[in-house]
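K.L.:
just a sequence and a predicted model for now, questions to come.
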Amino acid sequence: MSDASVITAAPAGMAGADPVAAASGRALAERVEQLAQRYPDDVGRVIGLLNDVQDECGYLPEEALRAIADLCDVSFEELVASARFFKTLSTEPVGKVVIEVCDGTACHTQGAVRLAQTMADKLGIEVGQTTPDGLFTLRLVHCVGACSVAPVAVVAGAAYGRVKPSDADGVIEHAHAALEEVDRRGE
Ligand code: FES
C-alpha cells in the first residue's frame, strides 16, 4: 500500500478469535443467556445480542439466532430479517480471512464505502459476501476505534489507517499473507 499504515491489533470479530463458533447449539444458547445479562432491560437487548454474537463468532449461527429469538420473544423469521437488514451483521459463515472496512462516521465520510466496493470488485464478490472458494470475507463494520486515521481496513488482526481505494490491492495482498499464516497453523 502507499502511505497506508498498520496501526493496531485487531478488535473483536476476526477469524480465529472465535470462542463460540465451534460450540454446540446448546453451548451457543448458554452463551447467549450469559450475554443477555448485559441487557437487563428489553430496550436494546435484541440488537445488543446480535452484535455480541457477531463479534464473538464472526457471524450469526442459526442456533444463536434461535436462542436470541426465544430469549427476546420474537419470531426466528423476524429476527433473521432484522439481522439481514444491518450491513454489519452476517447470517452466513465467514471465510478463512476476514477483511473489514470500517464504516463508522469518520471512515464513512472519508470514503469507506467506495474503498469497500473497490475491494469487492477486485475479489469478485459483493460487500458482505465470502469468495466462492471460502477464503475471504469482505464486510463493513462499526467504528473500530481508530477514527483519527480514517478510513480504516482491518485484515486478520491488523488494522490499516488512511487506506484509499488505490490501496485495495495492498490490502488484498495482506489478506493473502494472512491466509498463508492461517494455513501454516493448520486452521
Ligand atoms: S469511524 Fe472508522 S475507526 Fe472510527
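P.N.:
Yep, that arrived. Quick caveat, the model's predicted, so the values are computed rather than measured.
K.L.:
ok, the residue in the chain that the ligand sits nearest to - contacts?
P.N.:
Going by C-beta to the nearest ligand atom, the ligand is nearest to Gly104 of the chain, at 2.5 Å. In this view, the C-beta of every residue, glycine as well, is placed from N, C-alpha and C. Gly104 makes contact with 112, 142-144, 147, 150 under the criterion C-beta atoms under 8 Å, 6 or more residues apart in numbering.
K.L.:
how's the chain carved up into domains?
P.N.:
Listed by automatic domain parsing, the domain ranges of the chain are 5-15+93-184, 25-85.
K.L.:
mind putting these in a markdown table, mean pLDDT included?
P.N.:
Formatted as a markdown table, those follow (pLDDT from 0 to 100):
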| stretch | mean pLDDT |
| --- | --- |
| domain 5-15+93-184 | 88 |
| domain 25-85 | 91 |
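K.L.:
deepest-packed of those, please.
P.N.:
The highest mean neighbour count among those, using mean count of other C-beta atoms under 10 Å, belongs to domain 5-15+93-184: a mean of 19.
K.L.:
tell me which other helices or strands the longest helix seen in the chain touches.
P.N.:
What stands out as the longest helix in the chain, according to DSSP state H, is helix 168-184. If you count contacts as 3 or more C-beta pairs under 8 Å, 6 or more residues apart in numbering; DSSP states H and E, helix 168-184 packs onto strand 97-102, helix 112-123, strand 136-141, strand 153-155, strand 158-161.
K.L.:
list the strands paired with the last one, with their directions.
P.N.:
Okay, so that is strand 158-161. strand 5-9 (antiparallel), strand 153-155 (antiparallel) (DSSP bridges).
K.L.:
go ahead and confirm Val97 touches Val154.
P.N.:
No - using C-beta atoms under 8 Å, Val97 is not in contact with Val154; the gap is 10.8 Å.
K.L.:
what element comes up after the helix or strand hosting Asp70 heading to the C-terminus?
P.N.:
If you go by DSSP states H and E, Asp70 is part of helix 62-72. Sequence order places helix 76-85 as the next helix or strand after helix 62-72, per DSSP H and E.
K.L.:
specify the angle between that next one and helix 62-72 in degrees.
P.N.:
Between helix 76-85 and helix 62-72, the angle comes out at 110 degrees (axes from the mean of the first three to the mean of the last three C-alpha atoms, to 10 degrees).
K.L.:
cool, thanks, signing off.
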